[in-house]
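> just to be clear, the model below is a prediction. Sequence and coordinates:
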Amino acid sequence: MSFENATKIIDFKKYSSIKIGPAVEALVINEIGDYSDYQIIGRANNLLVSNTPPKFAVLGESFDYIKQEGDKLYVGCATTSGKLLTYVRKNDIANLEFLAKLPGNLGGLVKMNAGLKSWEIFNYIDKIKTKDGYIKKEDVAYSYRHTELNTIVYEVVFNIEKGFSKDKLKEFNKMRDNQPQMASAGSCFKNPKGDFAGRSIQEIGLKGFKKGDMSFSEVHANFLVNEGNGTYEDAIYLINEAKRRIKKEFDIEIEEEIVIF
Ligand SMILES: Cc1cc2nc3c(=O)[nH]c(=O)nc-3n(C[C@H](O)[C@H](O)[C@H](O)COP(=O)(O)OP(=O)(O)OC[C@H]3O[C@@H](n4cnc5c(N)ncnc54)[C@H](O)[C@@H]3O)c2cc1C
């Protein structure tokens, strides 16, 4: 089935995991093309959106598919992590167990090189598809929670290895036990080399620190959580305060993991 491009209203106060942001019209892309005027987003699990955002685009249903051919898995970038995890479990495919409770769609996962500890999505990729065709993993610069991808990714091709591990799945789920249940965008800052951002935030006294309805969680200090009516301004205030204090205390330039628009 093919779909045409369309538009839809995205209300970031509902759509984003941190429950902040305006309601705006977004382009729904169903055909590969050049959309350089637009900022692509996924499921907004890693975003903090201001009241003056760029023009957004999301991938539509044409990019929500999973196909297996030989030892390769072709997955459209609108596919959610949950759907992909269900597929690999049912089809006894190894390595993607870490997607358990890691929210997003494949486009967002790839751009962020999302993962948990040493498991990262790029470890299992063969190539990605952009408007210019397939690009081999080796030709993409990527590192911890970072890629140099500045274009829309439409499809990801994974190398298939057999053997889904229920034990790993259990382990990954357990690693989430210390994760706050409140609205957030996941980890606010990337971990500095050899350390944990949460520890630094705790040491500078910002664990549990509040501005309006926003705070660095009492449960896990690197989660910036929204108790209900948190605003973009309060979130930015806390982010800047943490950066300032960590620089002063430890002389470290801590970097946001959250993407701010
Ligand atoms: C409770 C919670 C737990 C989390 N735990 C983890 C974790 O353990 N590990 C981890 O890594 N992250 C974690 N996150 C963050 C988030 O889940 C990941 O960053 C995820 O990859 C975001 O996917 P998304 O679809 O929501 O992307 P979005 O937040 O919508 O976008 C993220 C980035 O990807 C870009 N992007 C989106 N789609 C495309 C595309 N098709 N092509 C190119 N660029 C694109 C956007 O421009 C943006 O820069 C967590 C978040 C929450 C709320």
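That came in fine, so what should we check first?
> show me where the stretch 51-200 of the chain has helices.
For the stretch 51-200 of the chain, the helices defined by DSSP state H, counting those that start in this stretch cover 81-90, 106-111, 166-175, 197-203.
> neighbours around the nearest residue to residue 21 once chain neighbours are set aside, how many?
Take residue 21 and drop its neighbours on the chain: the residue closest to it by CB to CB, 6 or more residues apart in numbering is residue 12, 2.6 Å away. Bear in mind the C-beta positions are built from the backbone N, C-alpha and C, glycine included. Residues near residue 12, counting by other CB atoms under 10 Å, number 25.
> got a pLDDT number for residue 12?
Predicted confidence (pLDDT) for residue 12: 98.
> which stretches in the stretch 151-261 of the chain count as strands?
Using DSSP state E, counting those that start in this stretch, the strands of the stretch 151-261 of the chain run over 155-159, 183-187, 210-211, 214-216, 223-226, 259-260.
> sheet-wise, list the partners of the third one with their directions.
Using DSSP bridges, the neighbouring strands of strand 210-211 in the sheet come out as strand 214-216 (antiparallel).
> which of the helices of the stretch 51-200 of the chain sits most buried?
Mean neighbour count (mean count of other CB atoms under 10 Å) peaks for helix 106-111 among these, with a mean of 26.
> return the residues in contact with the closest residue to residue 199 other than its chain neighbours.
Excluding its sequence neighbours, the residue lying closest to residue 199 (CB to CB, 6+ apart) is residue 221, at 7.7 Å. Each residue near residue 221 by CB atoms under 8 Å, 6 or more residues apart in numbering is listed here: 197-199, 201-202, 206-208.
> let me see the contact set for residue 106.
Here residue 106 is in contact with 42, 75-81, 84, 153, 156 (criterion: CB under 8 Å, 6+ apart).
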